[in-house]
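K.L.:
Compute the structure for the input listed below.
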Amino acid sequence: MSVEQYQSTFIQEQFASRIGGSNYGKDTNIYKFEKIKRAKAAAKKAHPDVELIDMGVGEPDEMADAGIVAKLAEEAAKPENRGYADNGIPEFKAAAAKYLKEVFSVDGIDAESEVLHTIGAKPALAMLPTVFINPGDVTIMTVPGYPVMGTHTKYLGGEVYNIKLTKENNFLPDIEAIPEDISKRAKLLYLNYPNNPTGAAATVEFFEKVIAWAKKYNVVVVHDAPYAALTYDGVKPFSFLSVPGAKDVGVELHSLSKSFNMTGWRIGFIAGNPLIVKAFGDVKDNSDSGQFIAIQKAAAYGLNNPQITEAISAKYSRRHNMLVAALNEIGFRAEKPKGSFFLYVEAPKGIVGGQRFESAEDFSQYLIREKLISTVPWEDAGKFVRFSVTFIAQGETEEARVIDEIKRRLTDVQFEF
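P.N.:
Numbers count the residues shown, from 1 in each chain. Here you go, the predicted structure:
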């Protein structure tokens, strides 16, 4: 029986309204990333002999460190690691607290009561609204940004209020511009620095302002920090929890996906306010049975060896330098981020004497179709495209070749900015 035939059965009427109700599966809108996927497939089919340079990928291009992989193999062979992990093992929690202290200068994190492992940051973002949101409550989300916590807020009957990240405000949300009635109804504020997709970094002063605002309005702050250890040019990794008062109002999510090349391993942790961590643990206990203990032990090895991330950061910093220089020579106004592996640049208005780009998506689709360069468009607060320096390249010579090839492909036309 086809999907269309199933849609005519009673099952079509049973879907929850949160995913579309009786109209589930009938929406003809195409998700942004699906459009990119289709455009890449079409471009490769039309130009099978031309290399497609994928600058849109939001995950590392290399495997985890050999020491981490070896630790997994060692621990996976031990029978005592075969069972349920539930809310995690003490060894991983201790490593996470030590990591926060040594890398981010976060003092006073109690590994027992203020840290829990997560099966990556995404499930944690999905679970946190269940801890706090009742129908009618508000979650404040930044746009552009990662939408998961807002999606689950809506699932629970809550509302989402979006605050824009603009170039004029250094891609930091203007907390003071949030309407009074929204601030009073809000339960959660989502922040993410270094930021996806803008690459912007937060400051102590900004977080101090956030903490004061959160205390005034009794709002819980969730700081999503998967890129926090990926910083450049002498900038020290910076944690929300290192700012006095942060633990009074919120928690921080860390992930080993980006900082240790462990995306598929699905391991991270939540740390901060002990009451929030405890409540999160209760929800988590009813959502999963914990990550494989061998993975937790391998992750603890990684957290105890932060020099692994320092080497990864050095590679991304080098690639950022080359990409920024190449784009600026072409006419873009690219600025190296202080963290993350994303470069966020304004899309051109068009090609001199030729095609106009009415949206960032127009430009992104042009790059894929005509230049076989994949990026991700963002329209939430201006016309921007996101380049990622996680493109496939083995070694510095190959990295330089890829950047030179991008520059070559983009210099046979003149862009208008």
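
K.L.:
only C-alpha atoms for contact and neighbour calcs from this point on.
P.N.:
OK.

K.L.:
Need the phi and psi values for the closest residue in space to residue 255 that isn't next to it in sequence.
P.N.:
Excluding the flanking residues, the one nearest residue 255 by Cα to Cα, 6 or more residues apart in numbering is residue 268, at 4.0 Å. Here is the backbone geometry of residue 268 (degrees, to the nearest 10): phi -160, psi -170.

K.L.:
ok, residue 268 - contacts?
P.N.:
Residues counted as contacts of residue 268 (Cα atoms under 8 Å, 6 or more residues apart in numbering) are 117-121, 253-257.

K.L.:
Just checking: what are the partner strands of the strand or helix carrying residue 222?
P.N.:
Using DSSP states H and E, residue 222 sits within strand 220-224. Here strand 220-224 is paired, per DSSP bridges, with strand 186-192 (parallel), strand 250-255 (parallel).

K.L.:
Could you export whichever helix in the chain runs longest as CSV, CA atoms only?
P.N.:
Using DSSP state H, we find that the single longest helix of the chain is helix 307-330. Only the C-alpha atoms of helix 307-330 are listed here, as CSV (Å, rounded to 0.1, in the frame of the first residue of the first chain):
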residue,chain,number,x,y,z
GLN,A,307,44.7,19.2,23.8
ILE,A,308,42.7,17.1,21.3
THR,A,309,40.4,20.0,20.8
GLU,A,310,43.2,22.5,20.6
ALA,A,311,44.6,20.7,17.6
ILE,A,312,41.1,20.7,16.0
SER,A,313,40.8,24.4,16.6
ALA,A,314,44.1,25.1,15.0
LYS,A,315,43.0,23.4,11.8
TYR,A,316,39.7,25.3,11.7
SER,A,317,41.5,28.6,12.4
ARG,A,318,43.8,28.0,9.5
ARG,A,319,40.9,27.2,7.2
HIS,A,320,39.0,30.3,8.3
ASN,A,321,42.0,32.5,7.6
MET,A,322,42.2,31.1,4.0
LEU,A,323,38.5,31.3,3.3
VAL,A,324,38.0,34.8,4.7
ALA,A,325,40.9,36.1,2.6
ALA,A,326,39.6,34.4,-0.5
LEU,A,327,36.0,35.7,-0.1
ASN,A,328,37.2,39.3,0.7
GLU,A,329,39.3,39.3,-2.4
ILE,A,330,36.2,38.5,-4.4
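
K.L.:
And stretch 201-218, what's buried?
P.N.:
Using 16 or more other Cα atoms under 10 Å as the test for burial, stretch 201-218 gives 201-202, 207-208, 210-211, 213-214, 218.

K.L.:
just how off-centre is that stretch within its chain?
P.N.:
21 Å (Cα atoms, centre = their mean, to the nearest Å).

K.L.:
Many thanks, we can stop here.
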